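Q: Sequence first, predicted model second:
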Amino acid sequence: MSSFKQQLSAMLAAVILLFSFPVLAQPVPKGVKNIVMVHGAFADGSSWSKIIPLLRAKGYNVIAVQNPLTSLADDVAATKRAIALMDGPVLLVGHSYGGMVVTEAGNDPKVVGLLYICALVPNDEQSAQDVVSAFPAGPGFAEFQQDASGFLALSSKGIHKHFAQDLTPGERDILYVTQTPWSTKATNEKITVAAWKSKPSWFIIGIDDGMVPLALARAEAKMIKAKTLELPSSHVPMLSQPGKVSSFIISAALGL
């Protein structure tokens, strides 16, 4: 019995010692602490895989939306569900076609700021087709492949040469084989009111982007009066330069 008591005492002492150590809490960010990130065409929520740990390490609440890419309406609905899960004001981040989604979903009253990354940015009652038609298409558009069901995919050449040319060959291969097809229906649906007209905006431009031409990106950033960062990157700077992208997102959150 004395041996049992000794073992019990030792266990209790270990528990007391464990709870005596200080708890290392995550920092509480100033400004907006909730960030919802919306991926673009041919992608999924893993587009943000390098950004998420950097933001969470700074104490931010992060949700990466999984857009079905079946229609603009479906993608906006998925984004609004993610916004609803947040416990306060939200910075809404959109990449590529995700810029269409956040421009519509950003009218949600919880959203207090918009951040675009190599994105398509519509004006009122514009579709993705309307946005890209204003300038000559990027070389990546020639690599769209449409199936019998009306869904688009991007060719291997499109991924390797125009979409993610500054990633490693292995990373580019993964993007190619895991891409989510994009419905042509989504390219023709129009937004209602552009949220950037009533909310502050930020914009990251990829100078070597083969999908959203530099002239278009700069015109969009000027139109929405965005605070802008230009990076020597492909269409996916959140994967090729995650440190710079996450720092820019944090600066936007701090400014809200």
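A: Now that the structure is in, tell me what you want to look at.

Q: now the helices for the stretch 51-200 of the chain?
A: 52-57, 72-85, 98-105, 128-132, 156-157, 169-178, 184-188 (DSSP state H, counting those that start in this stretch).

Q: Serialize those helices to a markdown table and add fields for mean pLDDT.
A: Formatted as a markdown table, the helices of the stretch 51-200 of the chain follow (pLDDT from 0 to 100):
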| stretch | mean pLDDT |
| --- | --- |
| helix 52-57 | 98 |
| helix 72-85 | 98 |
| helix 98-105 | 98 |
| helix 128-132 | 98 |
| helix 156-157 | 98 |
| helix 169-178 | 97 |
| helix 184-188 | 97 |
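
Q: Name the stretch among the ones you listed that sits most buried.
A: Mean neighbour count (mean count of other CB atoms under 10 Å) peaks for helix 98-105 among these, with a mean of 29. Bear in mind the C-beta positions are built from the backbone N, C-alpha and C, glycine included.

Q: what's the distance between it and the middle of its chain?
A: Relative to its chain's centre, helix 98-105 lies at 11 Å (CA atoms, centre = their mean, to the nearest Å).

Q: Give the buried residues for stretch 205-217.
A: Neighbour counts using 16 or more other CB atoms under 10 Å place 205-206, 209-213, 216-217 of stretch 205-217 among the buried residues.

Q: Low-confidence bits of this structure, can you list those?
A: Under the criterion pLDDT under 70, the flagged ranges of the chain are 1-26, 28.

Q: Mind doing that once more with 80?
A: Applying pLDDT under 80 to the chain picks out residues 1-30.

Q: what about the strands in it?
A: Along the chain, counting by DSSP state E, strands occupy 34-38, 61-65, 90-95, 111-117, 144-146, 151-154, 182-183, 201-206, 227-231.

Q: any chance of these in CSV, with distance to Ile51 too?
A: Shown next, in CSV, are the strands of the chain (distance: least, CB to CB, whole Å):
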stretch, distance to Ile51
strand 34-38, 7
strand 61-65, 8
strand 90-95, 9
strand 111-117, 10
strand 144-146, 26
strand 151-154, 21
strand 182-183, 22
strand 201-206, 11
strand 227-231, 14
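
Q: among these, which is the most enclosed?
A: strand 90-95 (a mean of 30).

Q: List of residues touching that strand?
A: 32, 34-40, 43, 47, 79, 83, 100-103, 105-106, 108, 110-119, 236, 238, 249, 252-253, 256 (CB atoms under 8 Å, 6 or more residues apart in numbering).
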